[in-house]
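Student: Build me a model from this:
(chains A, B, C and D, ligands or ions: 4)
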Amino acid sequence: MLRTALESATGDLAAATHLGAYRHMLLARLLDDKFAALYRAGKIQGGVFLGRGQEALSASIGVSLQKNDIFAPLIRDAAGRLAFGETILEAIRTYMGSALGPMRGRDGNVHRGRPQDGYLPMISHLGAMISVVNGTLLARRFKKITGTVGVACIGEGATSTGSFHEALNQAAVEKLPLVLIVANNQYAYSTPTHRQFACEDLADKAPGYGVEAHRLKGNDLTDCLRGVGEAVKRARFDGGPQLVVADLLRLCGHGEHDDAGYVTQEHKDSALGRDCLKVAEKFMLEEGWVTGEQLEVLRSQMIHEIEEAVAQVQREPAPDPFAEEWQALSCGGLSDVRMD
Amino acid sequence: MLRTALESATGDLAAATHLGAYRHMLLARLLDDKFAALYRAGKIQGGVFLGRGQEALSASIGVSLQKNDIFAPLIRDAAGRLAFGETILEAIRTYMGSALGPMRGRDGNVHRGRPQDGYLPMISHLGAMISVVNGTLLARRFKKITGTVGVACIGEGATSTGSFHEALNQAAVEKLPLVLIVANNQYAYSTPTHRQFACEDLADKAPGYGVEAHRLKGNDLTDCLRGVGEAVKRARFDGGPQLVVADLLRLCGHGEHDDAGYVTQEHKDSALGRDCLKVAEKFMLEEGWVTGEQLEVLRSQMIHEIEEAVAQVQREPAPDPFAEEWQALSCGGLSDVRMD
Amino acid sequence: MNITYLEAIREAQARALKQDPRVFIYGQDVGAFGGAFKATKNLAGEFPGRVLDSPISEDAMVGLAVGAAMEGMRPIVEMQFADFSTVGFNQIVNQAATLFWRTQVACPITVRLPFGGTSGAGPFHSQCIEAIYAHFPGLIVLAPATVEDAYSMLLEAVALDDPVIFCEHKFLYYHLKAEKLPEEALPVGRARIAREGRDLTIVTYSAMVHEALAAARELAQDGWEVEIVDLRSVKPMDTDTIMASVARTGKLLCVGEAWPWGGVTAEVISRVASEGYGLLDVPPQRLNAKDTPVPYHPNLWAAHRPTARSIVAAARKLFRQ
Amino acid sequence: MNITYLEAIREAQARALKQDPRVFIYGQDVGAFGGAFKATKNLAGEFPGRVLDSPISEDAMVGLAVGAAMEGMRPIVEMQFADFSTVGFNQIVNQAATLFWRTQVACPITVRLPFGGTSGAGPFHSQCIEAIYAHFPGLIVLAPATVEDAYSMLLEAVALDDPVIFCEHKFLYYHLKAEKLPEEALPVGRARIAREGRDLTIVTYSAMVHEALAAARELAQDGWEVEIVDLRSVKPMDTDTIMASVARTGKLLCVGEAWPWGGVTAEVISRVASEGYGLLDVPPQRLNAKDTPVPYHPNLWAAHRPTARSIVAAARKLFRQ
Ligand SMILES: Cc1ncc(C[n+]2csc(CCOP(=O)(O)OP(=O)(O)O)c2C)c(N)n1
Ligand SMILES: Cc1ncc(C[n+]2csc(CCOP(=O)(O)OP(=O)(O)O)c2C)c(N)n1
Ligand SMILES: [Mg+2]
Ligand SMILES: [Mg+2]
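Tutor: Numbers count the residues shown, from 1 in each chain, chains lettered A, B, ... in the order given. Ligands and ions are numbered 1, 2, ... in the order given. Okay, the predicted model is just below:
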């Protein structure tokens, strides 16, 4: 259906790119909404972490990557995950702990991925995935695979971790095609940026590592597509590590348990507070790339798709503790038998 | 004796400062030489780490500090330690493991200090002392003690540690009077700078933290006194954290076990390779602040002083394992008695 | 009044801040927000300038605390989850733990670790890592099982001159309630008999005390009287109380929510085997979490950790011998 | 030919690099310099581009290795000293150790830890921290005691699909020599009887095997025949071999250079107490380093760790019972 709109857009590349990314943004938003509803209904145990307000940035990452690239998303990257090829089924299965999900109920919510597909499953420790991406890129250099890049996503809070620093420096020393995306959503949980760092702009960190910097408006899809696209391209064509800093605002709690009462009215009222989804819609409508009606249809199709997937996953088997191999090693024979 | 030279220097403040710092430089060099000799003679167990080539920078730190300041030196700071008030006896006792030394034989060589005097004993883990200095400074803020600063020293290699990053950022967020001195001696053990970082200049890191930067010629006492002095002053008068980057060359092995065969001829021949002690002497002689003869007398006095101290320490008791309280807790009553 | 384990932790901190100007709190989101679990709720307001939000920098958080302690302060560091303390590990085990021994300058810091499993928390928000801290000399490792102990032991932790790793169990935060806060308490380092019995000693700590108590109630229906030793302090470990209990019962089961290899349970059994060998009439046993990361799905999680049910089964096996 | 323990480690790495293009080495100063201990001497020259100097970034070193492993490589990470691995601790225990369990993608990395005490090395260059790694599920922890094992176990470590913590003892680097490198070896996970005897089983590993052997020789002069079990692999632990030895001797002494609380010795005794209770005719004992940081001064150091002398004394005490 969007494809129709697209076709009528007289082959405009910008239209195609925007609409392609927008699809993932919307799907991610609706999926997030569903997770929030399931959480409120007590259907999800543990935390639910949404990417509301960050879809433009996240989707731009996903669409800028190719199949063989590496992607290490973080907690607010539902859109980027979808754009990188994750199905909503995988996301729902992980949240619901389905035995058929990629994590088989062993890990949950945002802690999902498929390393064999270059889609890395985050551990919780902030900053820890960046050097892992470095490792995948170095491996490719060893294997003489060229032209691939790796993206690692973090929030502005995670720039305070030692892991962030060591990994970005490491990538710079090795000149790896790492694109490090910092979503500065103004808060780390409740902590405002002035308690997190004292530099004028996080992009000012780049010269200190000898890497290139890109600044972008995180709630403006056009700017995100441009900025992320450029950074990925620079990395792909031997420009070395790229640091992308996007300013935006988290339009939800840290997790669904959090009412985000600490977000200031000033922030909400500022340009940062504009919902990237609405901004993108308005822009596309104004450009005439899509009609309001088409968007409505798309939305209800997606909701339907999500509802069906949730219903399917709810019928799927939960992991069975008795069938579970309680075994952390891949070399089963080396398990410490007395540890059962 | 130098005081005489000084007096005759018509009350020149620059002369006084240079001569004062030079004293510590020379004493440190001679002390280091003695440690090297003792090491070669098998009189010191474990490593011996010298500050040869780094005395101008290190002494400048010590003389820029006041009694109530905090100082966390690293392995190449014999000069700064002396200038901050350490006696050669303390240094020798620590190296020789004397029971009367500040570390009572429990820790050795460069791992010495007196926290109660604001002189922090390094642990080996690089970068780990910086946040400790932050803590002392924060404590003083709590205690409403103003006007004191804290200096932490590291090498360029330690800028790659997560600890460095977290601590510098922490100091910036808290606007602590931290002066972080990076002695870029071109090598971390054997590792050249291009395998350690990729920025043009380590001082470029400062804007990324929102702190002030100072660059200086690490083997030029005049520049060190100026640069370190300025940084300390800025910190003392509420300028927030200061990052000082000094370029120089280590004129010895990483430790005395190391012949430093990896140091390039190019480095040795460059301006960085000039011995700060010689540079300072030449300058002071040219300025007429001191005579060659006076320097000779000073040197032999110091050698004598060191020899006497070594002889004294060699007569001192070694720690006695039977008299030792094998007890890691200060609350002795809470020791796990079964752990003996 | 009805006070939860979590509120007790808040109250203890409030009292420590009130009675000792040297105390301050440092951690992520502990300020105006009151902490991820609300363990510092309102404290920033009540004690202006003394409850500070830190950057996400566990290494520097602990380092700063050590430095402040050197200058006579008594910092409390909150780790958002125990699991994240692995990033600050070096500063804890090498900086804090060695300071007094090396310099005779005390290091009175308290590192609060919200630890232990809750349903759906997964591999990185559930860990029980008390054993890795207890392995290092120079640290005190506490793990209160009751509201009263959460309060009194935290107060004592702050008052102690040594670094304390304070393991507070997230599962107990809201579940556990008490009528009021205690005025007196057993000192740190002493275990507590949580239930008396003559047939079997169960040595355990933290959340597992409650699983053990439930197991004991079930076993009591068959006439077995189980004695439960709540360690309270993992290091130092109160071997005397353990030994005295084993002397009474002749049987020992150690239960820990942590992984087995080198855990608290291994340490307890090793001590009893070495020092109280003659006291046992059947081999001592331990029951731990399985040797895998902590699973996310509630079904897997419930099977991964010991529960009243698996404790009952282990006890029955001991009785059958 | 006369090969040291250190040379064996170099040779194993040379062979691994030669026979498997997926192997590379990453660590501080491992390149042209050949490593702080020369364990990678000449390897950068022999295998251009495959032996890389890392920045001083232990966290990122391990993280990079995990990423490379995901993509099919077999990295060897050298920590300059085991003590500094505490800075990379999180990546080891949370990233590497959980990867396979979470994703079914293997994590074949080897982290080499030059560990253990040498005279004058002090608190931060002497530690034995194998137990903290063994506590975490998902890691294999090895500690070879001989030149032959250093070689064959390192080769096997690199070949294994799981993350291996390879504890190589610095005291053995130069002291220990062998005629030649082995072609065959016991597999990882199996302990070795280092000496046969009927009167007492000493279970130990790494450098302490040699102290125990010296003790056994001294005790033999009094007619005591001591059996020594060299664990080789700390996790998994070969409980069967331990149990069989204890069945033969009826007496158990566990010796470890590490700190006592929750260490290898506690784990061994706990297992024997639980599974081999009837086999013992006196209570099992352990002998460890003292529960303080490792001292710098040679006199203190020699008293801090177990030695042949203190092992003899502990054994005699057992014989007297
Ligand atoms: C090392 C570490 N410390 C603490 C946490 C707990 N934690 C989880 S998310 C979060 C805030 C992250 O903020 P930011 O990086 O800005 O990302 P955002 O949530 O805003 O997207 C914190 C403190 C963690 N996951 N890892
Ligand atoms: C965290 C950590 N990793 C590794 C080491 C081992 N090490 C000791 S000194 C050193 C080189 C330090 O280089 P640099 O910081 O440049 O200081 P320099 O020796 O040149 O003065 C290394 C790698 C350490 N002490 N700490
Ligand atoms: Mg944020
Ligand atoms: Mg250097």
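Student: ok, which stretches of the chain are helices?
Tutor: Let's take chain A. For chain A, the helices defined by DSSP state H occupy A:2-8, A:13-40, A:55-64, A:78-84, A:88-96, A:128-142, A:162-174, A:206-209, A:221-236, A:265-269, A:276-287, A:292-315.
Student: Chain C is the one I meant
Tutor: Here chain C has its helices, by DSSP H, at C:5-19, C:43-46, C:58-70, C:89-90, C:97-103, C:130-134, C:147-159, C:172-175, C:207-220, C:239-249, C:264-275, C:298-304, C:308-320.
Student: Relative to B:R104, which of the ones you listed is closest?
Tutor: Proximity to B:R104 (CB to CB) singles out helix C:97-103 among the helices of chain C, at 8.8 Å. All C-beta spots, glycine's among them, are computed from the backbone N, C-alpha and C.
Student: who touches the closest one?
Tutor: For helix C:97-103, contacts defined as CB atoms under 8 Å, 6 or more residues apart in numbering or on different chains pick out B:102-103, B:106-107, B:111, B:113-116, B:121, B:123, B:327-330, C:66, C:69-70, C:105-107, C:136-139, C:161-163, D:123, D:292-293.
Student: how does it look with 7 Å?
Tutor: B:103, B:106-107, B:115, B:121, B:123, B:328-330, C:66, C:105-107, C:136-139, C:162-163, D:123, D:292-293 (CB atoms under 7 Å, 6 or more residues apart in numbering or on different chains).
Student: Equivalent analysis for stretch C:306-321, please.
Tutor: The contact list for stretch C:306-321 (CB under 7 Å, 6+ apart) reads C:200, C:208, C:211-212, C:214-215, C:218-219, C:224, C:226, C:251, C:253, C:255, C:257, C:282, C:285, C:287-289.
Student: Return a PyMOL selection command for the buried portion of those residues.
Tutor: In PyMOL, this line selects whichever of the contacts of stretch C:306-321 come out buried by 16 or more other CB atoms under 10 Å in any protein chain shown:
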select buried, chain C and resi 200+208+211+212+215+218+219+224+226+251+253+255+257+282+285+287+288+289
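Student: Roughly how far does the most centrally placed residue in chain A sit from A:L334?
Tutor: Note on chain A: the residue nearest the mean C-alpha position is A:D77, at 2.0 Å, using CA atoms, centre = their mean. Going from A:D77 to A:L334 by CB to CB, to the nearest Å gives 35 Å.
Student: The residue in the stretch 201-321 of chain C positioned nearest to ligand 4: neighbour count?
Tutor: In the stretch 201-321 of chain C, the residue that lies nearest ligand 4 is C:G262 (37.4 Å; CB to the ion). Residues lying near C:G262 (other CB atoms under 10 Å in any protein chain shown) number 32.
Student: mind checking the backbone torsions on it?
Tutor: Per-residue torsions, C:G262: phi 70, psi 20 (degrees, to the nearest 10).
Student: which ones are touching the residue lying closest to it once chain neighbours are set aside?
Tutor: Using CB to CB, 6 or more residues apart in numbering or on different chains and skipping residues adjacent in sequence, the residue nearest C:G262 is D:G262, 4.1 Å away. Listed by CB under 7 Å, 6+ apart, the contact partners of D:G262 are C:131, C:134-135, C:262-263, C:266-267, D:131.
Student: Next: A:V149.
Tutor: Counting by CB under 7 Å, 6+ apart, A:V149 has contacts A:69, A:177, A:179, A:232, A:235-236.
Student: Tell me the most packed of those residues, by neighbour count.
Tutor: A:V179 (33 neighbours).
Student: beta partners for it?
Tutor: Beta-bridge partners of A:V179, counted by DSSP bridges, are A:V151, A:Q242.
Student: Does it touch A:L243 like I think?
Tutor: No. Counting by CB atoms under 7 Å, A:V179 sits too far from A:L243 to count as a contact (8.3 Å).
Student: Can you name the residue of chain A nearest to chain D?
Tutor: Per CB to the nearest CB, A:G135 is where chain A lies closest to chain D, at 2.2 Å.
Student: ok, and the closest non-adjacent residue to that residue?
Tutor: Spatially, and ignoring its direct neighbours in sequence, A:G135 is nearest to D:G67 (2.2 Å; CB to CB, 6+ apart).
Student: ok, now which ones touch that neighbour?
Tutor: For D:G67, the contacting residues are A:131-136, A:139, by CB under 7 Å, 6+ apart.
Student: do C:A12 as well
Tutor: Per CB under 7 Å, 6+ apart, neighbours of C:A12: C:151, C:154-155.
Student: swap the cut-off to 10 Å and go again
Tutor: C:39, C:76, C:150-158, C:166, C:181 (CB atoms under 10 Å, 6 or more residues apart in numbering or on different chains).
Student: so who does the closest residue to it other than its chain neighbours touch?
Tutor: Using CB to CB, 6+ apart and skipping residues adjacent in sequence, the residue nearest C:A12 is C:L154, 3.9 Å away. By CB under 10 Å, 6+ apart, the contact set of C:L154 is C:8-13, C:15-16, C:39, C:76, C:110, C:112, C:142, C:144, C:164, C:166, C:168.
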